[in-house]
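A.B. asks: Kindly return the folded structure for what I paste below:
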Amino acid sequence: MRKTILALLASTLLVSACGTVRDSRINPLNWFGPARSVETAPAESTNPLIPQRSGLFARRAVEVDTYEGRPFEQITDLTIEPVPGGAILRATGLAARQGIYKVRLTPATPDETPVDGVLTYRLEGVRPDKATPQGSRPTREVIAGRRLTDQMLAGVREIRVEGQLNALVSRR
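C.D. replies: Coordinates of the predicted model:
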């Protein structure tokens, strides 16, 4: 009887110690907390109808296949899931209308490096040429993901995903 009570007491103490590891920073599932909403700065507006260079002898620009996506109106969810070798960044956006395609998370810096410990992305999509219905909320939601390696996450304190009206931030 004594051995059973001693074993039960020892196992109870051992299991109760697991709660501190679950809430500690050692656990990789706690590295990025829940996303929270932050304000965005208004973008500098330029009129696309006014040409920057024109004239008879103006150099023709080399045509490059560019991505013509525009930022989503609202970012509704941001999730960072740890995987072996890095993490998967998943953002959910809400568009004003249906029919947006080629959705992606584009980095704010060309080489995807963090600025002051902040790795920033924009959730963008290409809008259709024709008018589309507004539709219900579930038909306007999209999800985009991006794989981040451990090398990309080195020195990153927070990950920020921006839209037109808001941005979501997840911190380590």
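A.B. asks: Let me see the contact set for residue 162.
C.D. replies: 40, 71, 75, 108, 120-123 (C-beta atoms under 8 Å, 6 or more residues apart in numbering). All C-beta atoms are positioned from the backbone trio N, CA, C, and that covers glycine.
A.B. asks: Let's have those in JSON lines, adding secondary structure.
C.D. replies: Compiled in JSON lines, the contacts of residue 162 are given as follows (DSSP: H, G, I helix; E, B strand; the rest coil):
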{"residue": "40", "secondary structure": "coil"}
{"residue": "71", "secondary structure": "strand"}
{"residue": "75", "secondary structure": "strand"}
{"residue": "108", "secondary structure": "coil"}
{"residue": "120", "secondary structure": "strand"}
{"residue": "121", "secondary structure": "strand"}
{"residue": "122", "secondary structure": "strand"}
{"residue": "123", "secondary structure": "strand"}
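A.B. asks: Can you select the buried ones from those residues in ChimeraX?
C.D. replies: Here is the ChimeraX selection string for the buried members of these, based on 16 or more other C-beta atoms under 10 Å:
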select :40,71,75,120,121,122,123
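A.B. asks: low-scoring stretches of this structure, by residue?
C.D. replies: Applying pLDDT under 70 to the chain picks out residues 13-25, 42-45, 48, 50-65.
A.B. asks: Show me the helices in it, by range?
C.D. replies: Using DSSP state H, the helices of the chain run over 2-16, 18-22, 137-140, 150-153.
A.B. asks: Would you mind measuring the gap between the ends of stretch 144-153?
C.D. replies: Its first and final residues considered, stretch 144-153 spans 19 Å by C-alpha to C-alpha, to the nearest Å.
A.B. asks: scratch that, stretch 93-103 is what I was asking about
C.D. replies: Start-to-end span of stretch 93-103 (C-alpha to C-alpha) is 10 Å.
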